[in-house]
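Undergrad: Sequence first, then the predicted structure, then my questions.
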Amino acid sequence: MLLLTGREMAEFDQKAINEYGIPGIVLMENAALKTFYRIKEILGDVSGKKIILLVGKGNNGGDGLALARHLANAGAKIRVFLLFKDNFKGDALINFNILKKMSEKIYEGITENLNLLKISLIDADMVVDAIYGTGFRGALPPEIREVVEIVNQADVVRLAVDIPSGVDAGTGQVEGVAFQADYTVTFGFPKVGQILFPGRKYCGEIYVEDISFPEKLKKEFYVRRWLIEEKLVKKILKPVAADTHKGRQGFGLVVGGSRAYSGAPLLSAKGCLASGVGGVYLAVPEELFKPLAGKVPEIILRGVPAASGQLAPEGFFMLNELLSKVKAAVIGPGMGELSESKEAYLSFLENCPLPLVIDADGLNNLAGHLAVLKKRTAPTVLTPHLGEMARLLGISIEEVKGRREELGKEFAREYNVYLVLKSETTLIAVPAGEVWYLAGGNPLLAKAGSGDVLSGLIAGFLTQGYKPGEAAILGVYFHGRAGELALEEQAENGFFISDIFSYLNKAFRTLGVNSGKKNIHLER
Ligand SMILES: NC(=O)C1=CN([C@@H]2O[C@H](COP(=O)(O)OP(=O)(O)OC[C@H]3O[C@@H](n4cnc5c(N)ncnc54)[C@H](O)[C@@H]3O)[C@@H](O)[C@H]2O)[C@@H](O)CC1
Ligand SMILES: [K+]
């Protein structure tokens, strides 16, 4: 599904209105009705329920006024607080004039009604935030901020119309205070600011509702940014053939490890196996051979020459032998800061003719030598977290965080790579300029080893012949999905990343990607 900023949403609205002739008031009515149905689901019967509506002067306020009408018609006891004294305009004005004739419980102005609001909150069933929507930027004006703070402290169910007031729909930024919603009902598309933190945590449960935007317009719209969702993954994923064999599934390769880090390459190799490959080679400095041998019997372990507990230059040359046996590789997990072998490493990257995932120390060793990426002939996937990305670009983490999409797109295009920029909301940027986000935010996965599993998964999908963008999407999705499934059964604290594999298996199972093998039933 497309993922839009506030500005893009406004452009989309205008296209629906001006080019397709859908009157704005129709969209507003649909938005109000869809919100009304959600509220009925949340509260059950709304008749007799005390619902406070906070209404702003723009179209978000207009949605709130139309919603108030539906709630009143259904028997709810509404109280509508108009947070502005300016006159409404356009569609919001039409809804205001209707509501004025229907209800006396409309209170104009904040300061004079603040006490009434406080008293109303004592036994209210719900507060609806229709103050600001996608048109909001910056910080809440002080008088609105006060209202929002009061409401946030009240013991009441809070629902935001379109987006919580105070959250920037384009960036998720909150300057100081925002409405803390339990539920957000948003229209047409999810918004970038709803999946990026801190905005994400102000939204509560998010419901994306169709308000009759034309499908054709959705397809034509110029934005190339999507949310990774199950539907997309199902489209990409090819079922495993019932007559497949290990050679057809393919063999992957993981290169990494050092005296200091022996677990990381192992987790990456397990990730690769978990993706469904026929088998995986794991190449580590030879002194790790003994400690790792037999830890995971399915992994084909190879020790290569080492120097100071890291891969030696000859080690990198020896990898070429393995390359003929595999279809894709991941390089970097636990590899350490290569000192003597940096040149050999960079030359390996340049000349490796296979799809390659560069992860962890593989990225740290690449900083300052990015031009190597441009010389590669096969696809390259990079999987930095925000810190690694900052190191690659030589800028601060804060800057990467704030400009992640712009920087990610530029980087992918400039270096012709598929960039998986990991954070609580992971972003994928591809050379053609398209962008995907995973609405994650699962602390269970925020642990050492988690990224190693992800890079292994992506390399595993590359091994099976998926295109690099597809492999990145599949890896990121299944990694996140496994985390969600784990969270249904596990506490965030005390969870071991090694336990993610059973949940990965569940994630595949629930998506129905098994071959669907049929049995032969013999006469008994
Ligand atoms: N026709 C449309 O465009 C539709 C709009 N809809 C609703 O309309 C909303 C967008 O409406 P608007 O564009 O009127 O804007 P909003 O209702 O989000 O905001 C109202 C006004 O607040 C002002 N504002 C922004 N930041 C501010 C700040 N920091 N301090 C003080 N004032 C600030 C803006 O200039 C804007 O005029 C959507 O979120 C959605 O709820 C829906 O009704 C569907 C159709
Ligand atoms: K709102």
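TA: Nice, thanks for sending it over. Ligands and ions are numbered 1, 2, ... in the order given.

Undergrad: can you pull the contacts of the closest residue to ligand 1 within the stretch 401-524 of the chain?
TA: Closest residue of the stretch 401-524 of the chain to ligand 1, C-beta to the nearest ligand atom: Gly402 (18.3 Å). Where you see a C-beta, it was placed from the backbone N, CA and C, and this is true even at glycine. Contacts for Gly402 (C-beta atoms under 8 Å, 6 or more residues apart in numbering) come out as Thr171.

Undergrad: Looks to me like Val254 is in a strand.
TA: Yes - counting by DSSP: H, G, I helix; E, B strand; the rest coil, Val254 is part of a strand.

Undergrad: Could you list the domains of the protein?
TA: 6-223, 250-510 (automatic domain parsing).

Undergrad: Does anything pack onto whichever helix in the chain runs longest? Which helices or strands?
TA: Longest helix in the chain, counting residues (DSSP state H): helix 468-489. If you count contacts as 3 or more C-beta pairs under 8 Å, 6 or more residues apart in numbering; DSSP states H and E, helix 468-489 packs onto helix 230-236, strand 380-382, strand 418-421, strand 427-429, helix 450-463, helix 500-510.

Undergrad: For the third one, what is the distance to the chain centroid?
TA: Okay, so that is strand 418-421. 13 Å (C-alpha atoms, centre = their mean, to the nearest Å).

Undergrad: quick one: contacts of it?
TA: 379-386, 389, 400, 404, 408, 411-412, 426-431, 454, 458, 468-469, 472, 475-476.

Undergrad: re earlier: nearest to ligand 2, of the domains of the chain?
TA: domain 6-223 (4.4 Å; C-beta to the ion).

Undergrad: any idea of the mean pLDDT in that closest one?
TA: Regarding domain 6-223, the rounded mean pLDDT is 97.

Undergrad: Now find how far off-centre it is within its chain.
TA: On C-alpha atoms, centre = their mean, the centre of domain 6-223 falls 24 Å from that of its chain.

Undergrad: Which residue, other than its chain neighbours, is closest to Gly62?
TA: Distance criterion C-beta to C-beta, 6 or more residues apart in numbering; nearest residue to Gly62, sequence neighbours excluded, is Ala92 at 3.1 Å.

Undergrad: Determine whether the claim that that neighbour is in a strand is correct.
TA: No - per three-state DSSP, Ala92 lies outside any strand segment and is helix.

Undergrad: List the contacts of it.
TA: Here Ala92 is in contact with Met28, Lys57, Gly58, Asn59, Gly61, Gly62, Leu65 (criterion: C-beta under 8 Å, 6+ apart).

Undergrad: again with Val192
TA: Going by C-beta under 8 Å, 6+ apart, the list of residues near Val192 reads Leu3, Leu4, Thr5, Ala169, Gly170, Thr171, Gly172, Arg225, Glu405, Tyr437.

Undergrad: Repeat that for Ala241.
TA: Arg248, Ser515.

Undergrad: Then it would be within a strand, right?
TA: No - counting by three-state DSSP, one finds Ala241 to be coil, located in no strand.

Undergrad: Can you report phi and psi for it?
TA: phi -70, psi 140 (degrees, to the nearest 10).

Undergrad: Residues of the stretch 151-300 of the chain that sit close to ligand 2?
TA: Ala160, Val161, Ser165 (C-beta under 5 Å from the ion).

Undergrad: count of neighbours near the first one?
TA: For Ala160, the count of nearby residues is 33 (other C-beta atoms under 10 Å).

Undergrad: Which secondary structure state does it sit in?
TA: Quick answer, by three-state DSSP: Ala160 is strand.

Undergrad: Roughly how far does the nearest residue to it once chain neighbours are set aside sit from ligand 1?
TA: Leaving out its chain neighbours, the residue that sits closest to Ala160 by C-beta to C-beta, 6+ apart is Ala181, at 3.9 Å. Noted for Ala181: a distance of 14 Å to ligand 1, by C-beta to the nearest ligand atom, to the nearest Å.

Undergrad: Equivalent analysis for Gly263, please.
TA: Gly263 is 47 Å from ligand 1, by C-beta to the nearest ligand atom.

Undergrad: Please apply the same query to Phe88.
TA: 10 Å.

Undergrad: Give the burial count for that residue, as a bare number.
TA: Considering only other C-beta under 10 Å, Phe88 is surrounded by 21 other residues.

Undergrad: tell me the contacts of Arg376?
TA: Leu349, Glu350, Cys352, Leu356, Asn416.

Undergrad: near ligand 1, which residues of the protein?
TA: 10, 13, 17, 24, 27-28, 31, 56, 58-63, 132-139, 141, 161-162, 187 (C-beta under 6 Å from any ligand atom).

Undergrad: Can you flag the buried ones in those?
TA: Buried members of the residues of the chain next to ligand 1, scored by 16 or more other C-beta atoms under 10 Å, are 10, 13, 24, 27-28, 31, 56, 58-63, 132-136, 139, 161-162, 187.

Undergrad: per-residue confidence at the nearest residue to Ala507 once chain neighbours are set aside?
TA: Closest residue in space to Ala507, ignoring its immediate chain neighbours: Arg481 at 4.2 Å, by C-beta to C-beta, 6+ apart. Predicted confidence (pLDDT) at Arg481: the value is 96.

Undergrad: Arg481: neighbouring residues, count only.
TA: The number of residues near Arg481, taken as other C-beta under 10 Å, comes to 23.

Undergrad: how close does it get to Gln464?
TA: From Arg481 across to Gln464, the span is 18 Å (C-beta to C-beta, to the nearest Å).

Undergrad: Same check on Lys34?
TA: For Lys34, the distance to Gln464 - C-beta to C-beta - is 40 Å.

Undergrad: Lovely, talk soon.
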